[in-house]
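# okay, predicted coordinates and the sequence, questions at the end:
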Amino acid sequence: MNMEDDEGHDGFAAEKTVTPALLALHPFSKFVVVSVGSQLRVFNLLEKCAVDSEDINSQSCHVDAIKTITFSKDGGLFASAGDDKHVKLWDTDTWRCLRTVVATKKISASSFSSDGKWLLYADKFGVVYAISTEYVKDPLAGPADPGQPVSLLAHCCSIITSLKCSADGRYIITADRDFKIRISIFPKNPLMGAHEIEGFCLGHTSFVSCVAVVNNNLTSQFLVSGGGDGTVRLWEVETATLLDTVDVYEKITIANSDVDNTAVQLPAITCIAVSNNASLVAVGLESLDGVIILGLDIKSKRLRFLQKFLLEDHYCPTSIQFDRNGWLWLVAGAAQRTEAGEEKATSWVKVVSISSGDAILLESIDPASLPGGTLLLEALDGTDSDVKKALALADAANMAVKEQLSKKKYTNEHRELRKRLRNDKKLQKGM
Amino acid sequence: MASGSKKGQHPRKRFYRARAHSNPLSDSQFPVPVSPAHMDWSDHFPAFFKSNITAAPGHDSEFNFEAKYTVKKENLNGTCSEWSKAKGVEGDSKCSSASIIDVSVRKAEGLEICKKIQAFGDEEPKVHFADIGCGFGGLLVKLSPMFPNTLMVGMELRDKVSEYVKDRIIALRKENPGQFQNISIIRTNAMKYLQNYFQKGQLQKMFFLFPDPHFKERNHRRRIISIALLAEYAHVMALGGILYTVTDVEELGEWMKSCLEAHPLFEEVPLKKQEADPVVGLLKCATEEGQKVERNGGKTFYSVYCRVLASSAGA
């Protein structure tokens, strides 16, 4: 066990190798990507076929769980990174891997800058790096040495759970395990670091699990966040002000919630997405077999709970995203690495449409109506279509993530025992 | 846990024996406010927050208001456990010398902003000096009479040591009525939670006296002064605020100086100004650490830097 990696987590070996499945949609709906464990599954929505590039299926693609996937704003680039400490930049025209950066620590989050010129990624120790994407499509035009990643900023030894760049390019938003969301000013020259902080969004009473930027054409920037405290919050970015909070856990009754007597473990928000017209927010909640829809009103700066929708039994989404047509894409799944080193990966993609009129309606989109139909689902869900397994793993993945992010709670007896074992305590006599 | 001092008497260090080091990376066991707005400073500086005590009619305030909202201390989850509301409050126009603090409360329907009315001048008292890693409190005790109207707080990670400082302050306040009301101690991890206590631009002075050198290279990231953490310190400091560091470890002194030099929001205070600053003289000898260094004839290495705006030249 590598003590370095586990410092700060009190020796808790991060051996839970269950990783939630992730989903990413191309900004112009050209592609949909699902990552499960170390596998990348790409489907071309325009040509309605799976993408089978050499690099995606090769041995040198990711060798360990992928923890973050993201498209650039113009859709030309795609990035993937995770536990193998490799950050891969992909060309979305050819799906060739343009560059692989070897990082020093496992990566937990990533985002392209809004102008697409930089890829930012964050590691499990709270450091955010930037690499230039300028010559990545045309390496001969650029300098011989593409340059090393530059450290931009850091959250003091806290896992960064989410990294986003504001749509107007002014801010870098980073959320961490220590309940904070930091708004940093995007530097004019990222190579010199990001040294100026605009503000801290403080309000969550547990780890911040996910953050989504609201796309709007106003000068004010907004973001929504979900946390381990079961709340979804709306923030104004420049002033780091909490505008509204919805306590999702309070709003719904979860039939099978386990209430621990020593510490009430609130179910955590697992994933969050904002519709393109900035009117709806969808969230996944731990142990909820479905999705929760909230209404967002930017003008009045309010967020309100609309409705909980149940999907299949045990369908607990691990990643969700709205497309430009207002459809909500969901994936529930996970990958698990067995002791033998084998990887078992399953996922299940669903698409629903949400209409908001007098009432909120959620309608499952029949696979036949999806671009590519069953081909799409086969490509994304993989050949092992054991649904129950997928869902059980997804649940386990959410729990593993939460356990890693939660503060360790020790009973008083445990702490006293540890103190008695301390060397300096042993030397004391009759004190 | 029995404290080492009888109530009000000066604490004796031998009853507060503690390790020299505490792991700044481990998860905390002490309560941390959800945000600076949730922090109740009145317990630390009761003399400055008179209004927390329910005012009797005819109190020396210039106005008369019948009711108050009392804020109950945040519990660990960061929610106000209760609100007690008295009768209706008189119009704001009558409370010309009151200041209002916004405190967010989580309720069933969502956020509701509740207001706490405070009968204290025009300005809510704010902490302006912070001693990070204050140890046994030597600097605070010396600074207190130099700036009697400035609130200062020490932050210390070690439980026994912060307990000692608390008992020391209580004893000092008892022995010297009216004095030492402006200093206090918080047991917390300043590296992780500084932002939970202080608002943007709040601090006028920050002190880092004889910080832990963390000699091994792989432990350098635990150093309290680093380029990354300086961004956070710059955030809570006011423009023109001064950051003071001193150490007897030459390599650490060079490290801290180079971090501060490299950071665009800090600029070295010119030597003449440093000499004119009465606080600089305290850095060497005010703390127990400093006195030990002097006794052993060691050298000390200072850096005194001012919080400035990023210049348009450079990054």
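Arrived safely.

# only C-alpha atoms for contact and neighbour calcs from this point on.
OK.

# what does chain A have sitting close to chain B?
Within chain A, the positions adjacent to chain B are A:7-10, A:153-157, A:178, A:187-189, A:192, A:195-200, A:202-205, A:244-247, A:250, A:407-408, A:424 by C-alpha under 8 Å from any C-alpha of the partner chain.

# buried ones among the residues you listed?
By neighbour count, with 16 or more other C-alpha atoms under 10 Å in any protein chain shown, the residues of chain A next to chain B hold A:7-9, A:153-157, A:178, A:187, A:192, A:195-200, A:202-205, A:244-247, A:407 as buried.

# among those, which are located in strands?
Applying DSSP state E to these, the entries found in strands are A:153-154, A:197-200, A:202, A:244-247.

# could I get these as TSV with pLDDT?
Below are those laid out as TSV (pLDDT from 0 to 100):
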residue	pLDDT
A:Leu153	95
A:Ala154	93
A:Ile197	96
A:Glu198	96
A:Gly199	96
A:Phe200	96
A:Leu202	95
A:Asp244	94
A:Thr245	94
A:Val246	94
A:Asp247	91
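
# farthest-separated two in those?
Maximum pairwise distance among these (C-alpha to C-alpha): 31.0 Å, between A:Leu153 and A:Asp247.

# quick check: longest helix in the chain by residues?
Just so you know, I chose chain A. In chain A, assigned by DSSP state H, the helix with the most residues is helix A:387-405.

# chain B was what I was after
Ranked by number of residues, the top helix in chain B under DSSP H is helix B:159-175.

# nearest to B:Leu260 among the ones in strands among the buried ones among the residues of chain A next to chain B?
Closest approach to B:Leu260 among these (C-alpha to C-alpha): A:Leu153, at 15.1 Å.

# the closest one touches B:Glu232, doesn't it?
No. Counting by C-alpha atoms under 8 Å, A:Leu153 sits too far from B:Glu232 to count as a contact (10.1 Å).

# all the helices of the stretch 51-200 of chain A, in order from the start?
A:54-57 (DSSP state H, counting those that start in this stretch).

# low pLDDT regions in chain A?
Low-confidence segments of chain A, defined by pLDDT under 70, span residues A:1-16, A:253-265, A:383-387, A:408-410, A:422-431.

# what's the angle between the longest strand along it and helix A:387-405?
If you go by DSSP E, chain A has its longest strand at strand A:343-356. Strand A:343-356 and helix A:387-405 are oriented at 90 degrees to each other (axes from the mean of the first three to the mean of the last three C-alpha atoms, to 10 degrees).

# on contacts alone, who are the packing partners of strand A:343-356?
Helices and strands touching strand A:343-356, by 3 or more C-alpha pairs under 8 Å, 6 or more residues apart in numbering or on different chains; DSSP states H and E, are strand A:31-36, strand A:327-337, strand A:360-364, helix A:373-381, helix A:387-405.

# if you set the cut-off to 10 Å instead, what comes out?
strand A:18-20, strand A:31-36, strand A:280-285, strand A:319-322, strand A:327-337, strand A:360-364, helix A:373-381, helix A:387-405 (3 or more C-alpha pairs under 10 Å, 6 or more residues apart in numbering or on different chains; DSSP states H and E).

# so which of these is the most packed in?
Ranked by mean neighbour count under mean count of other C-alpha atoms under 10 Å in any protein chain shown, the helices and strands packed on strand A:343-356 are led by strand A:18-20, which reaches a mean of 30.

# residues in contact with it?
Residues outside strand A:18-20 that contact it (C-alpha atoms under 10 Å, 6 or more residues apart in numbering or on different chains): A:35-38, A:64-67, A:83, A:270, A:317-319, A:331-338, A:343-347, A:393-401.

# hmm, 7 Å instead?
For strand A:18-20, contacts defined as C-alpha atoms under 7 Å, 6 or more residues apart in numbering or on different chains pick out A:36-37, A:65, A:318, A:333-337, A:394, A:396-398, A:400.

# show me the shaky parts of chain B.
Within chain B, the segments meeting pLDDT under 70 span B:1-7, B:15, B:17-29, B:50-123, B:312-315.

# paired strands for the top strand by length along it, with orientation please.
If you go by DSSP E, chain B has its longest strand at strand B:237-247. Next to strand B:237-247 in the sheet, as set by DSSP bridges, lie strand B:203-209 (parallel), strand B:301-307 (antiparallel).

# got the ones you listed as a markdown table, with mean neighbour count columns?
Shown next, in a markdown table, are those (neighbours: other C-alpha atoms under 10 Å in any protein chain shown):
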| stretch | mean neighbour count |
| --- | --- |
| strand B:203-209 | 22 |
| strand B:301-307 | 21 |
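
# run a quick neighbour tally on A:Lys60.
Not Lys; residue A:60 is Ser. 9 (other C-alpha atoms under 10 Å in any protein chain shown).

# my bad, should have said A:Val128
A:Val128: 26 surrounding residues under other C-alpha under 10 Å.

# now do it against A:Ile69, distance only.
Here the criterion is C-alpha to C-alpha, to the nearest Å. By it, A:Val128 lies 16 Å from A:Ile69.

# so A:Glu198 makes contact with A:Pro187?
No. The criterion here is C-alpha atoms under 7 Å, and A:Glu198 misses it with A:Pro187 at 11.6 Å.

# what about B:Gln195, how many residues nearby?
B:Gln195 has 23 neighbouring residues, counting by other C-alpha under 10 Å.

# cool, B:Lys142 as well?
For B:Lys142, using other C-alpha under 10 Å, the count is 16.

# and it, helix, strand or coil?
Assigned by DSSP: H, G, I helix; E, B strand; the rest coil, the conformation of B:Lys142 is helix.

# and for B:Gly290?
Judged by three-state DSSP, the three-state class of B:Gly290 is helix.

# A:Tyr249 too?
When the rule is three-state DSSP, A:Tyr249 gets the label helix.

# got the phi/psi numbers for the closest residue to A:Gly373 other than its chain neighbours?
Spatial nearest neighbour of A:Gly373, chain neighbours left out: A:Pro367 (5.1 Å); criterion: C-alpha to C-alpha, 6 or more residues apart in numbering or on different chains. With angles defined as degrees, to the nearest 10, A:Pro367 sits at phi -50, psi -30.

# now A:Ile298
phi -70, psi -40.

# that one: how many residues sit nearby?
Using other C-alpha under 10 Å, A:Ile298 has 18 neighbouring residues.

# picking that back up, distance check, the residue nearest to A:Gly373 against B:Thr300.
Shown here: A:Pro367 relative to B:Thr300, a distance of 72 Å by C-alpha to C-alpha.

# just A:Ala144 next, same as before
A:Ala144 sits 46 Å away from B:Thr300, taking C-alpha to C-alpha as the criterion.

# what's the answer for A:Leu328, then?
Taking C-alpha to C-alpha as the measure, A:Leu328 falls 62 Å from B:Thr300.

# re the thing from before, nearest to A:Thr100, of the helices and strands packed on strand A:343-356?
Here strand A:31-36 is closest among the helices and strands packed on strand A:343-356 (C-alpha to C-alpha), at 17.2 Å.

# helices or strands up against the helix or strand just after that closest one?
Using DSSP states H and E, the helix or strand that follows strand A:31-36 in sequence is strand A:39-44. Counting contacts by 3 or more C-alpha pairs under 7 Å, 6 or more residues apart in numbering or on different chains; DSSP states H and E, strand A:39-44 is packed against strand A:31-36, strand A:49-51, helix A:373-381.
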